[in-house]
Each structure stands twice: as structure tokens, then as C-alpha cells.
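Enquirer: Need the 3D shape of this:
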Amino acid sequence: MGLADVEAALGRGRVLVCDDERRLADLTAALLRQFGFFAESVADGDRAVSAALADPGFDVLILDLNLNGTSSAEVIRRVRELGRGTRIVLTSGFCPEDVPQALMAAPGVVAYLAKPYPVERLVTTVSDALSR
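Expert: The predicted structure is shown next:
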């Protein structure tokens with residue numbers, strides 16, 4: 001995907017960012033807003049599920065693998081139960097080979113971002129997820 005493709009996707013997506021590192025969740029959402037996405041952030045799995053229930057418009061959920069409280073696997077299950085077609089991008093500090101295959105193969109999971117990721121990769125991954 002080139003810059004033109006990224007620019008074409010600007011403003012088209014609603015993204016929910018869930019990371020137990022609150023500052024990272026807020027920073028990620030702020031970066032996405034700078035690129036024209038509507039983005040909100042939450043700091044745990046319970047809030048991610050609540051936000052998805054309260055607002056049916058989220059297209060993409062950026063979900064950290066390691067969450068306090070409700071696990072990422074449970075968040076995926078509950079979001080998928082809503083039947084809204086939300087695409088899920090998993091994130092963590094693990095290398096891709098160390099991510100549990102059951103999570104990578106879960107319905108709705110479309111991508112994985114290893115932390116730390118550059119802003120360009122974040123925008124491209126979200127844009128790709130929106131096009132699926």
C-alpha cells in the first residue's frame with residue numbers, strides 16, 4: 001500500500017484502541033486522529049467491550065494481547081458476538097511467531113502489529129484492515 005492508498009483511506013474509519021498501557025492507547029488514538037480516523041482509547045478489556053456495545057460504529061479494534069482483567073481472547077469473543085464485522089488488529093511486544101495461533105486465527109483478526117511500530121505501519125495496517 002502506497003501513500004496514495006493511505007491518503008484515500010483517511011477519514012473513513014472508526015477505530016477503538018485498547019491497551020493496558022493507558023498512555024500508549026491514548027497516543028495511538030491521537031496519532032490515528034491526526035491521519036483523519038475517528039479514534040478512541042480504552043485501557044482494559046472490560047472498557048473495550050463496553051465501548052463496542054455502546055457504539056456500533058467501530059470498524060477496527062486495535063487490541064493489545066496482554067490486558068488486565070478481561071483477556072484479549074475474551075474481548076475478541078464478545079466483540080464477535082455483536083456481529084458487526086469489526087476487524088481486529090492485535091498488538092504486543094512479542095515477535096509474530098510467539099503470538100498464540102489460536103488468537104491469530106480467531107474470527108475477525110486481520111493483522112498483527114509488533115511493538116514498537118512506526119506510525120506509517122500503524123496507519124497502513126488500519127487502512128488495510130478497513131479495506132477487508
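
Enquirer: List of residues touching stretch 47-65?
Expert: For stretch 47-65, contacts defined as C-beta atoms under 8 Å, 6 or more residues apart in numbering pick out 13-21, 25, 28, 40, 42, 70, 72, 75-76, 78-79, 82, 84, 86-92, 94, 99, 103, 113, 126, 129-130. The way it works is simple: take the backbone N, C-alpha and C, and place the C-beta from them, glycine included.

Enquirer: now the end-to-end length of that stretch.
Expert: 15 Å (C-alpha to C-alpha, to the nearest Å).

Enquirer: Could you tell me how far that stretch lies from the centre of the chain?
Expert: Centre-to-centre, stretch 47-65 and its host chain are 8 Å apart (C-alpha atoms, centre = their mean, to the nearest Å).

Enquirer: All the strands of the protein, residue numbers only.
Expert: 14-18, 38-42, 60-64, 87-92, 109-114 (DSSP state E).

Enquirer: Is Gly93 in contact with Lys115, as I believe?
Expert: Yes. Using C-beta atoms under 8 Å, Gly93 is in contact with Lys115, at 4.7 Å.

Enquirer: Give me the buried subset of the contacts of stretch 47-65.
Expert: Among those, the ones that count as buried by 16 or more other C-beta atoms under 10 Å are 13-20, 25, 28, 40, 42, 70, 72, 75-76, 78-79, 86-92, 99, 103, 113, 126, 129-130.

Enquirer: Having no further points to raise, I will conclude here.
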